[in-house]
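*Asks:* the following comprises the amino acid sequence and a computationally predicted model.
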Amino acid sequence: MKTLALLLTAAALAACAKPAAAPLAAAQKPAVAAAPHAPVGSNQSIQGEVAERLDAGGFTYLRLRTAAGDRWLVTSPVEVKVGEKVSASSGMVVEKFESKSLNRTFDNIIFGTIDGAKPSAAHASAPSPMADVGDVKVEKAGGADAKTVAEVWASRAALKDQRVVVRGKVVKFLPSIMGKNWMHVRDGSGSRGKGDDDIAVISDDTATVGSVVTLTGTVRVDKDFGAGYQYPVIIDGARLN
């Protein structure tokens, strides 16, 4: 599922989203569960002093002391310390957010990025969450709606809001991000250089990294979930079989 990515990923929401050319990888969205409440706002900004820092599940949670009171922010690991004054932008506020890694539910929390902050050394040296599944070569699904990953990328404008069927290998799976499961799927079409060999998928279903799935979902184009999670194309509401 480089935006949660949100959706950080929410720091998820980075490993899940692709850069301009192509997850929740994205600024990776946290692999933590969110209640099925919709975000209550986007493009939020916040300034304050770091009053508390919690690191869990590969992400950083900061309690910021602001002029309007204390607010929680979740982001990819960054070099910030308690007592430091920071500002965050490109955020998205989610209500009743449950962090399984912390065993805690936040009344509301901002998925965002700290302006000018450096990634922590631990985060910079961490291995890529994208699984090494070797060479991928998966036969295209059958039927009128069947597309390869590269075909979805190439025809995304025409396929916007249309149903497609894609067969491919799951190379990344991030559960329970903003109430959904996020994954990345490849079938051997496209190329790394062009960034059209991999597609992000949002689903209620679960999958195992390395497994071959056939999925049916709706093509969404130019989706921006906030917190840096932008997708030129993504398959939403996918059912796996």
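*Replies:* Looks like it came in fine.

*Asks:* where does the protein have low pLDDT?
*Replies:* 1-44, 57, 90-92, 119-134, 226-229 (pLDDT under 70).

*Asks:* and the helices in it?
*Replies:* With helices called from DSSP state H, the chain shows them at 121-125, 149-154, 156-159.

*Asks:* what about Thr60, distance to Thr113?
*Replies:* Per C-beta to C-beta, to the nearest Å, Thr60 is found 11 Å from Thr113. Where C-beta positions appear, they are placed from N, C-alpha and C, glycine not excepted.

*Asks:* give the residues shared as contacts by those two.
*Replies:* Residues touching both Thr60 and Thr113 by C-beta atoms under 8 Å, 6 or more residues apart in numbering: 75-76.

*Asks:* who has more neighbours out of these two?
*Replies:* When neighbours are counted by other C-beta atoms under 10 Å, Thr60 and Thr113 differ, and Thr60 comes out ahead with 24 against 21.

*Asks:* who's in contact with Ile109?
*Replies:* Contacts of Ile109 (C-beta under 8 Å, 6+ apart): 61, 72-74, 93-94, 97.

*Asks:* same thing but 7 Å
*Replies:* 72-74, 94, 97 (C-beta atoms under 7 Å, 6 or more residues apart in numbering).

*Asks:* looking at neighbours, which among those residues is most surrounded?
*Replies:* Ranking the contacts of Ile109 using other C-beta under 10 Å puts Val74 first, with 33 neighbours.

*Asks:* isn't that one right up against Phe59?
*Replies:* Yes: judged on C-beta atoms under 7 Å, Val74 makes contact with Phe59 at a distance of 5.8 Å.

*Asks:* what's the local residue count around Leu215?
*Replies:* When neighbours are counted by other C-beta under 10 Å, Leu215 registers 24.

*Asks:* how about it, nearest residue that isn't a chain neighbour?
*Replies:* With sequence-adjacent residues excluded and distances taken as C-beta to C-beta, 6 or more residues apart in numbering, Leu215 is closest to Ala238, at 4.4 Å.

*Asks:* swap in Glu139?
*Replies:* Glu139 sits nearest to Arg167 (C-beta to C-beta, 6+ apart), 6.7 Å away.

*Asks:* before we move on, what about Asn108?
*Replies:* Nearest residue to Asn108, sequence neighbours excluded (C-beta to C-beta, 6+ apart): Glu95, at 4.8 Å.

*Asks:* how close does that neighbour get to Leu54?
*Replies:* Distance from Glu95 to Leu54, by C-beta to C-beta: 19 Å.

*Asks:* now do the same contact list for Ile235.
*Replies:* 164, 166, 199, 201, 215, 217-219.
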